[in-house]
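*Asks:* Sequence first, then the predicted structure:
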Amino acid sequence: MLDSKLIEENMLEVKRKLDSRGAEVDYDQFRALDLGRKEIIKKVEELERERNVGSKKVGELMREGKKEEAGALQEEMKEISSKIKNLGELRAKAEEEFRDFMLMIPNLPNDLVPVGKNEEDNVEIRKWGEPRDFDFTPKDHVEIGKDLDILDLDRAAKITGARFALYKGLGARLERALINFMLDIHTNDHGYKEVLPPFMANTESFIGTGNLPKFEEDLFKIQDSNFYLIPTAEVPVTNIHRDEILKEEDLPIKYVAYTPCFRSEAGSYGKDVKGIIRQHQFNKVELVKFSTPEKSYEEHESLTQNAERILELLGLPYRVVVLCTGDMGFSSAKTYDIELWVPSENTYREISSCSNFEDFQARRASIRYRPKQGGKTKLVHTLNGSGLAVGRTFLGILENYQQSDGSVTIPEVLVPYMGGVTKISN
RNA sequence: GGAGGGAUGGCCGAGCGGACGAAGGCGCUGGUCUCGAAAACCAGUGGGGUCGCAAGAUUCUCGUGGGUUCGAAUCCCACUCCCUCCGCCA
């Protein structure tokens, strides 16, 4: 959520920035809702003041034994109270409408973000590793997985449906190895605290991160409850500190969490239908940070590097792009995508998205901190990024480490996690 | 599933119709003392909104939402969450 005062005071600048990301906002409506709300607040508060003063007076008169005067005043106050009740309802409605309106406005892109319309305008920042030169025709991960009997998409479809996966044997082991490997690196080397959160969260939590109210169709909802399956650990982990006041001394707070992620993928019919690129359920290790505003961009860089390091240790080629204004997510102020080299597609595909949300989520979720010097509480900055999407890492290993005989060698760092297995073959 | 108990400020904890945004303690900040620190002592110290350049004014906020009342942390109702006991169960 944006600061309504910022919109009020810098409307042209806000409009320019929101336009740059293709957001349509009705500024006249903003003004009307904001002014209407302020006006009614003023009215109600004036009446409340009268009532408070009057009621106190009634008490005094009673104690002094002036019953008649007290009674008369009581009658007066009765009327004021009923007025307050009526106006109060209007006030609640005005404030709710205003908040609902504000919740639908996306974040402002940071000034450093390149302006653009869509993913074609994203800017490559750096590349790591050389895509392998195959001296045979490489297979895609679906074929490799099938031939080695470690990935069974047909049976997964029988169990559940399209866009689900059944990992088998060393395939299941590899998925588990990757999860453990990532968690170990981030906790031991990068200083994150491991958490294992619920895989469902309530409406408030989803509003906090910005997934609701606008993107409900992307989520799986649990019937007869206000719980949704999480589409990313970002939701439960960011909300760990919802409605809290943190100490500046404790910042930055860094969490790493493994969770499965559930996405309805509404609107992506026909997109990436083959293989495990786009699934309704996939595993992910997520990095989340809470930072002071001063340090958040530094933390954004290091978070992205922490994610990149996993790919480097695994020897998987990748590149990093900064998303342009038009391609960023709703809540983000700046996002880096890390893209993995996928031989079968002869291109790079997203494997991690690292964002700085600045105070956008913090304002929605009321996550603040007390400055060391004292003074007013301030909103923290929240950040997160995949470190990494496990299914796509699995895919990367299968495709990049495949051999001409159909086997897949295991990257050295994973061998201990694979119980000493160095190669998956028939 | 059945029976009870509870939810108060950054934390602990009192209050149970009017002078209560709330005792006391802890923590934090400043000061006294000290070469310095600790201890002790003194003082200050919640959060959000509206108005205001500010000082400040005002209002809301004692789990959430309703109700009773001139007036609610305090009484009533519903809901949520936590705890104890019984039953069931991975």
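*Replies:* Structure received.

*Asks:* Quick check: residues of the stretch 251-400 of chain A near RNA strand B?
*Replies:* Where the stretch 251-400 of chain A comes near RNA strand B, counting by C-beta under 7 Å from any atom of the strand, the residues are A:368, A:370, A:374, A:376-377. No exception for glycine: its C-beta is placed from N, CA and C like everyone else's.

*Asks:* Count the neighbours of the closest residue in space to A:Pro317 that isn't next to it in sequence for me.
*Replies:* Leaving aside its sequence neighbours, A:Pro317 sits nearest to A:Gly129 (C-beta to C-beta, 6 or more residues apart in numbering; 3.2 Å). Burial of A:Gly129 is recorded as 16 neighbouring residues (other C-beta atoms under 10 Å).

*Asks:* just A:Lys67 next, same as before
*Replies:* Using other C-beta under 10 Å, A:Lys67 has 10 neighbouring residues.

*Asks:* How about A:Arg364?
*Replies:* For A:Arg364, using other C-beta under 10 Å, the count is 25.

*Asks:* What separation is there between it and RNA strand B?
*Replies:* Applying C-beta to the nearest atom of the strand, to the nearest Å, the value for A:Arg364 to RNA strand B is 13 Å.

*Asks:* for the helix or strand hosting that residue, what is the average pLDDT?
*Replies:* Per DSSP states H and E: A:Arg364 is located in helix A:360-365. Across helix A:360-365, pLDDT averages out at 93.

*Asks:* Can you list the neighbours in contact with that helix?
*Replies:* A:1-3, A:103, A:107, A:205, A:207-210, A:238-239, A:241-243, A:331-333, A:367-368, A:379-382 (C-beta atoms under 8 Å, 6 or more residues apart in numbering).

*Asks:* CA atoms only: put that helix into CSV for me.
*Replies:* Provided in CSV are the C-alpha atoms of helix A:360-365 (Å, rounded to 0.1, in the frame of the first residue of the first chain):
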residue,chain,number,x,y,z
PHE,A,360,4.8,-1.4,0.5
GLN,A,361,4.2,-4.7,2.3
ALA,A,362,5.2,-3.3,5.7
ARG,A,363,2.5,-0.6,5.5
ARG,A,364,-0.2,-3.3,4.6
ALA,A,365,1.0,-5.7,7.3
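
*Asks:* what distance separates it from the middle of the whole chain?
*Replies:* Averaging C-alpha positions (C-alpha atoms, centre = their mean, to the nearest Å) puts helix A:360-365 11 Å from its chain's average.

*Asks:* Which residues does the helix or strand that that helix is followed by contact?
*Replies:* Using DSSP H and E, the helix or strand that follows helix A:360-365 towards the C-terminus is strand A:367-370. Applying C-beta under 8 Å, 6+ apart, the contact partners of strand A:367-370 are A:238, A:241-248, A:250-251, A:290, A:292, A:361-362, A:377-380, A:382.

*Asks:* Each with direction, which strands does strand A:367-370 pair with?
*Replies:* Strand A:367-370 has its sheet partners listed here by DSSP bridges as strand A:244-247 (parallel), strand A:378-379 (antiparallel).

*Asks:* before we move on, back to that, wait, the residue nearest to A:Pro317 sits on A:Trp341?
*Replies:* Yes: between A:Gly129 and A:Trp341 there is a contact under C-beta atoms under 8 Å: 7.1 Å.

*Asks:* Give the intersection of the neighbour lists for those two.
*Replies:* Common neighbours of A:Gly129 and A:Trp341 (criterion: C-beta under 8 Å, 6+ apart): A:316-318.

*Asks:* Narrow those residues to those in strands?
*Replies:* A:Tyr318 (DSSP state E).

*Asks:* quick check, nearest of the shared contacts of A:Gly129 and A:Trp341 to RNA strand B?
*Replies:* When these are ranked by distance to RNA strand B (C-beta to the nearest atom of the strand), A:Leu316 comes first, at 37.5 Å.

*Asks:* I'd like to know how far the closest one sits from A:Tyr336.
*Replies:* Going from A:Leu316 to A:Tyr336 by C-beta to C-beta, to the nearest Å gives 17 Å.

*Asks:* where does chain A have its least confident helix or strand?
*Replies:* strand A:244-247 (a mean of 85; mean pLDDT, DSSP states H and E).

*Asks:* and it, how far from the chain's centre?
*Replies:* Distance, stretch centre to chain centre, for strand A:244-247: 20 Å (C-alpha atoms, centre = their mean).

*Asks:* go on, stretch A:183-191?
*Replies:* Worked out by C-alpha atoms, centre = their mean, stretch A:183-191 lies 21 Å from the chain centre.

*Asks:* So for it, what gets flagged as buried?
*Replies:* A:183, A:185-186, A:190 (16 or more other C-beta atoms under 10 Å).

*Asks:* ok, and what's touching that stretch?
*Replies:* A:192-194, A:254, A:256, A:258, A:285, A:287, A:306, A:309-310, A:313, A:387.

*Asks:* Buried subset of those, written for PyMOL?
*Replies:* Filtering these down to the buried ones (16+ other C-beta under 10 Å) takes a single PyMOL command:
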select buried, chain A and resi 192+254+256+258+285+287+306+309+310+313+387
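
*Asks:* For burial, what's the neighbour tally of the residue in the stretch 251-400 of chain A positioned nearest to RNA strand B?
*Replies:* Here the stretch 251-400 of chain A gets closest to RNA strand B at one residue, A:Thr377, 4.4 Å apart by C-beta to the nearest atom of the strand. Neighbours of A:Thr377 under the rule other C-beta under 10 Å: 12.

*Asks:* what about the residue nearest to A:Pro317, distance to A:Gly315?
*Replies:* Taken as C-beta to C-beta, the span from A:Gly129 to A:Gly315 is 7 Å.

*Asks:* before we move on, the earlier item: closest to A:Asp19 among the shared contacts of A:Gly129 and A:Trp341?
*Replies:* A:Tyr318 (32.1 Å; C-beta to C-beta).

*Asks:* Could you check how far the nearest residue to that closest one once chain neighbours are set aside is from A:Lys295?
*Replies:* In space, A:Tyr318 comes closest to A:Leu311 once its chain neighbours are excluded; the distance is 4.8 Å by C-beta to C-beta, 6+ apart. Counting by C-beta to C-beta, the gap between A:Leu311 and A:Lys295 amounts to 25 Å.

*Asks:* That'll do, ta.
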